[in-house]
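Novice: return a 3D structure for these sequence lines:
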Amino acid sequence: VLNATSYPDMQELLATTELLITDYSSSMFDMALAGKKVILYTPDLTSYLAKERTFYFDFEELPFSISKTKEALLQQVAQFNERVYQQKVVLFNTQIGSYEQGNAAVAVAEKIQVLCQ
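Specialist: Below you'll find the predicted structure:
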């Protein structure tokens, strides 16, 4: 476990980690698109929603486990079910209309090659 809150390049962290524990950061979606594990730790969820802002999605409908206590977080890490998690991510991506295939850079490069011929 490494607290990397002050690390300057979030994308480097996401590329090297196997499991992201975050609160409300959009990095949860970056990790899910990369097929990596995410657990949300939100002990202040009720007050956050009341005082800060709303979300684009119903928080409870996200494909990520939500822990509101340290004990629940430790239990979710220990009992993480990768198969169930990946099924939830696929369903969520289908529901929101994600068309990510994991090869966007190749597709763009091929279109550029065609245009340059």
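
Novice: looking at it, residue 43 is touching residue 68, isn't it?
Specialist: Yes: Residue 43 is within contact range of residue 68, at 5.3 Å (criterion: CB atoms under 8 Å). (Each C-beta comes from the backbone N, C-alpha and C, glycine too.)

Novice: name the SS class of residue 49, please.
Specialist: Per DSSP: H, G, I helix; E, B strand; the rest coil, the local secondary structure of residue 49 is helix.

Novice: residue contacts, it?
Specialist: 55, 59 (CB atoms under 8 Å, 6 or more residues apart in numbering).

Novice: once you drop chain neighbours, what's closest to the spatially most central residue of the chain?
Specialist: Geometric centre of the chain, nearest residue: residue 28, 2.2 Å, by CA atoms, centre = their mean. Closest residue to residue 28 apart from its sequence neighbours, by CB to CB, 6 or more residues apart in numbering: residue 38 at 4.9 Å.

Novice: which helix or which strand is home to the one you found?
Specialist: According to DSSP states H and E, residue 38 maps onto strand 37-41.

Novice: tell me which other helices or strands that strand touches.
Specialist: strand 19-22, helix 27-33, strand 65-67, helix 70-78 (3 or more CB pairs under 8 Å, 6 or more residues apart in numbering; DSSP states H and E).

Novice: closest one to residue 107 among those?
Specialist: helix 27-33 (15.4 Å; CB to CB).

Novice: give me the neighbour count for residue 89.
Specialist: Applying other CB atoms under 10 Å, we find 22 residues neighbouring residue 89.

Novice: with residue 22 instead?
Specialist: 15.

Novice: quick check: closest non-adjacent residue to it.
Specialist: Closest to residue 22 by CB to CB, 6+ apart is residue 28, at 5.7 Å.

Novice: ditto for residue 45
Specialist: residue 68 is the one closest to residue 45 (CB to CB, 6+ apart), at 6.4 Å.

Novice: how near is the one you found to residue 46?
Specialist: For residue 68, the distance to residue 46 (CB to CB, to the nearest Å) stands at 9 Å.

Novice: between these two, which one's more packed in?
Specialist: Taking other CB under 10 Å, residue 68 and residue 46 do not tie; residue 68 has more neighbours (14 against 10).
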